[in-house]
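A.B. asks: here are the coordinates; sequence isn't available:
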């Protein structure tokens, strides 16, 4: 593996002090932006895509165990962490192109196993649907899928979740959350996870990673194109079912098997699991996740 690399100086919310031994950080110009990614290990390529409001640090507990069998690539999505924060380009199909350019620059042969959580799972699905030859297997963790049920889930008039529509608004969310990042993250992370998952240091890291209006804007930009993402997904999946094996994991009773049910008509081979967790599967139950992933890929 080769390509552009750097050692980043410690900076609030973008440092790599958490990085497991054996991983290096690369900053790669790709698709009109610059993506920061950690990579390490050896073997077939395995890409781990984080959700919002997080960074690649979300995978810190599982990177080393997986690196014994795979070349593990852990990007910060555009708008997050140490990656650049452009003002556009957040459609999930476009972010799939970010990832394709990243792997090309790192000279990592495909196809890759692509794992995504939350927003990262939306990028993973777009990647697999538009460029199926790139993806050996698709794994989606605790996500509501644009075009396959998310629109109903965000319909507040019928009891849906309020935050999707709010986060989709330009300028307003970052104005209101500026200065309240830690309050919001602490409340939401702990409400959506098993007790004891996140330490004060964990919460402080993610709050720093999104502190200030520009960092918040980069994060909320992931929501601006959700309706278009849904149209993109429906159009791509009309071409035919996903050819690669698919694993859909829901986080506990809150999400259950909803993602698996949404994907089942669109995947030739699908496995559905429910994790003993809340929303943050790989951080709440890292050993369970590694075993589930290993079993799935082994089969």
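C.D. replies: Thanks, I have the structure now. The shown structure was predicted, so the numbers you read here are calculated from the model rather than taken from an experiment.

A.B. asks: Which parts of the stretch 51-200 of the chain are strands?
C.D. replies: Listed in chain order, the strands of the stretch 51-200 of the chain (DSSP state E, counting those that start in this stretch) span 71-75, 112-117, 135-141.

A.B. asks: Redo those strands as a markdown table? Include mean pLDDT and mean neighbour count.
C.D. replies: For glycine as for every other residue, the C-beta is placed from the backbone atoms N, C-alpha and C. Below are the strands of the stretch 51-200 of the chain laid out as a markdown table (pLDDT from 0 to 100; neighbours: other CB atoms under 10 Å):
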| stretch | mean pLDDT | mean neighbour count |
| --- | --- | --- |
| strand 71-75 | 98 | 27 |
| strand 112-117 | 98 | 27 |
| strand 135-141 | 98 | 25 |
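
A.B. asks: Pull out the buried positions in the helix or strand containing residue 215.
C.D. replies: For residue 215, the enclosing helix or strand under DSSP states H and E is helix 213-224. Burial within helix 213-224, assessed by neighbour count using 16 or more other CB atoms under 10 Å, is assigned to 215-224.

A.B. asks: ditto for stretch 276-286
C.D. replies: Buried, per 16+ other CB under 10 Å, within stretch 276-286: 277-286.

A.B. asks: Now, those residues that are in helices?
C.D. replies: 281-284, 286 (DSSP state H).

A.B. asks: Reformat those as TSV; add distance to residue 118.
C.D. replies: Listed next are these as TSV, based on distance: CB to CB, whole Å:
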residue	distance to residue 118
281	10
282	11
283	12
284	13
286	16
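
A.B. asks: Closest to residue 171 out of the residues you listed?
C.D. replies: residue 283 (30.7 Å; CB to CB).

A.B. asks: distance of the closest one from residue 202?
C.D. replies: For residue 283, the distance to residue 202 equals 8 Å [CB to CB, to the nearest Å].

A.B. asks: any idea how far residue 275 is from the nearest residue to residue 197 once chain neighbours are set aside?
C.D. replies: The shortest distance from residue 197 to any non-neighbouring residue, by CB to CB, 6 or more residues apart in numbering, is to residue 284 (4.8 Å). As judged by CB to CB, residue 284 and residue 275 stand 8 Å apart.

A.B. asks: what do these two both touch?
C.D. replies: Taking CB atoms under 8 Å, 6 or more residues apart in numbering as the criterion, residue 284 and residue 275 both touch residue 251.

A.B. asks: what's around residue 49, how many residues?
C.D. replies: Residue 49: 30 surrounding residues under other CB atoms under 10 Å.

A.B. asks: Okay, buried residues for stretch 104-112 please.
C.D. replies: Here stretch 104-112 shows 105-106, 108, 110-112 as buried, counting by 16+ other CB under 10 Å.

A.B. asks: Quick check: end-to-end length of that stretch?
C.D. replies: Length of stretch 104-112, first residue to last, CA to CA, to the nearest Å: 12 Å.

A.B. asks: per-residue pLDDT, residue 252?
C.D. replies: pLDDT for residue 252: 92.

A.B. asks: Ok, residue 6 next?
C.D. replies: Confidence score, pLDDT, at residue 6: 35.

A.B. asks: Is residue 269 in contact with residue 247, as I believe?
C.D. replies: No. Residue 269 is beyond contact range of residue 247, at 9.6 Å (criterion: CB atoms under 8 Å).

A.B. asks: Between those two, which has more neighbouring residues?
C.D. replies: Neighbours were counted for residue 269 and for residue 247 using other CB under 10 Å; residue 247 has more, 26 against 13.

A.B. asks: where's that one, which helix or strand?
C.D. replies: strand 246-251.

A.B. asks: Among the buried residues of helix 213-224, which one lies nearest to residue 117?
C.D. replies: The closest of the buried residues of helix 213-224, once distances to residue 117 are taken by CB to CB, is residue 222, at 12.6 Å.

A.B. asks: Just tell me which of the strands of the stretch 51-200 of the chain ends up closest to residue 151.
C.D. replies: Closest of these to residue 151 is strand 135-141, at 17.5 Å (criterion: CB to CB).

A.B. asks: now the angle from the closest one to strand 246-251?
C.D. replies: Taking axes from the mean of the first three to the mean of the last three CA atoms, to 10 degrees, one finds that strand 135-141 is oriented at 10 degrees with respect to strand 246-251.
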